[in-house]
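*Asks:* Give me a model of this one.
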Amino acid sequence: SAANATVRDLVNEINKSGIATAFVDEKGQLNVKGTGSDALQVGIGASAVDGAAAITNADTGGANTSIGFAAADRTGAGIASSGITSAVRSNLIDQYNDLRSKIDDLAKDAGFNGINLLAGDRLSVVFNEKTGKNQTKLDVQGTQLTSDNLGIVKAGNTQLAGTTNFQNDSDLEAATKSLTGALTSLKSLSSTFGANLSVVQTRQDFTKDMANTLTTGADNLVNADLNHEAASLLALQTRQQLSQQALSLANQADQGVLRLLG
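*Replies:* As a prediction, this is how the structure comes out:
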């Protein structure tokens, strides 16, 4: 293939230079070794599994360490070695862990009146004062919300138990997927709490409207316009006086008729 031809050309050019010798071993790995007796031998090979390249210290007297590079068709290709870390990623790891701890702090401080739905507490909202079967209420069950429960694993520079190695591209990609999953879980929890809040607000508005209606009716029965009531009282008293005068005149007329007849 073209790649093999390129490797053969590279081997020939290195051998012609005289400063090093090059050959391809039985594993298909390109080896380059200096001409001196104690020269460092470096092997450049490719993994048959994922196509990732590697530069390996092949000197048997050395540390025999390796540096791996992600394949060209991988997203976020970069150094993925044991022993080489990125200072930029190390700083981002500290920021990531700080933000991760803030999630736990926010969940702990989300309580109100002794109830914290993000700490697994249960809230019962009673809609009437009845008891037993006639009582209507809404029970809201909280959840224990922590960064661990959300799948947000603590970051580190190495692969330790309970941590994610942010110096490794594959682990970093897995952490990104975990954050996406955590965001989805939070949106689902927010939707559940939002639905319960909507029910409580609807009942609250209904209760307020009923209270306002009853208050208006009571005011109409109790409160009175003094000027209007005083005028009504005066009119009633006047009618009573006129009725008494008319009755008195009628009695006098009857007595006058009786005297004439007598």
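*Asks:* ok, the helix or strand that contains Ala155: who's next to it in the sheet?
*Replies:* Using DSSP states H and E, the element containing Ala155 is strand 154-156. With DSSP bridges as the test, strand 154-156 is paired with strand 163-165 (parallel).
*Asks:* gap between the strand it pairs with and the chain center?
*Replies:* Computed by C-alpha atoms, centre = their mean, to the nearest Å, the chain-centroid distance of strand 163-165 equals 22 Å.
*Asks:* in it, what's buried?
*Replies:* Going by neighbour count (16 or more other C-beta atoms under 10 Å), the buried part of strand 163-165 is Thr163, Thr164, Asn165. Yep, even glycine has a C-beta here, placed from its N, CA and C like the rest.
*Asks:* Output the below-cut-off pLDDT ranges for this protein.
*Replies:* By pLDDT under 70, the weakly predicted segments of the chain are 1-7, 18-19, 27-28, 34-85, 159-162, 224, 257-262.
*Asks:* Run through the strands of it in chain order.
*Replies:* Listed in chain order, the strands of the chain (DSSP state E) span 20-24, 30-34, 41-46, 53-57, 66-69, 122-126, 137-141, 154-156, 163-165.
*Asks:* Contacts for the strand holding Ala155, please.
*Replies:* Applying C-beta atoms under 8 Å, 6 or more residues apart in numbering, the external contacts of strand 154-156 come out as Ile93, Tyr96, Asn97, Arg100, Gly162, Thr163, Thr164, Asn165, Phe166, Ala175.
*Asks:* Mind checking which of those residues are buried?
*Replies:* With neighbours counted by 16+ other C-beta under 10 Å, the contacts of strand 154-156 contain buried members at Ile93, Tyr96, Asn97, Arg100, Thr163, Thr164, Asn165, Phe166, Ala175.
*Asks:* Among the residues you listed, which one sits closest to Leu236?
*Replies:* Relative to Leu236, the closest of those is Arg100; by C-beta to C-beta it sits at 81.7 Å.
*Asks:* residues contacting the closest one?
*Replies:* With C-beta under 8 Å, 6+ apart, Arg100 has these contacts: Ser147, Ile152, Lys154, Ala155.
*Asks:* relative to strand 122-126, how tilted is the top helix by length along the chain?
*Replies:* Counting residues, the longest helix found in the chain (DSSP state H) is helix 169-222. Taking axes from the mean of the first three to the mean of the last three C-alpha atoms, to 10 degrees, one finds that helix 169-222 is oriented at 20 degrees with respect to strand 122-126.
*Asks:* relative orientation of helix 169-222 and strand 137-141 in degrees?
*Replies:* 160 degrees.
*Asks:* How far away from the center of its chain is helix 169-222?
*Replies:* Mean C-alpha position of helix 169-222 versus that of the full chain (C-alpha atoms, centre = their mean) differs by 14 Å.
*Asks:* just use 38 as the starting number from now, easier for me
*Replies:* Sure thing, new numbering starts at 38, so read that last one as helix 206-259.
*Asks:* Could you pull up the residues touching Gly188?
*Replies:* Taking C-beta under 8 Å, 6+ apart, one finds Ser215, Gly218, Ala219, Ser222 in contact with Gly188.
*Asks:* which residue packs closest to it, ignoring adjacent ones?
*Replies:* Leaving aside its chain neighbours, Gly188 sits nearest to Ser215 (4.6 Å; criterion: C-beta to C-beta, 6 or more residues apart in numbering).
*Asks:* ok, the one you found to Leu209 distance?
*Replies:* Distance, Ser215 to Leu209, using C-beta to C-beta, to the nearest Å: 11 Å.
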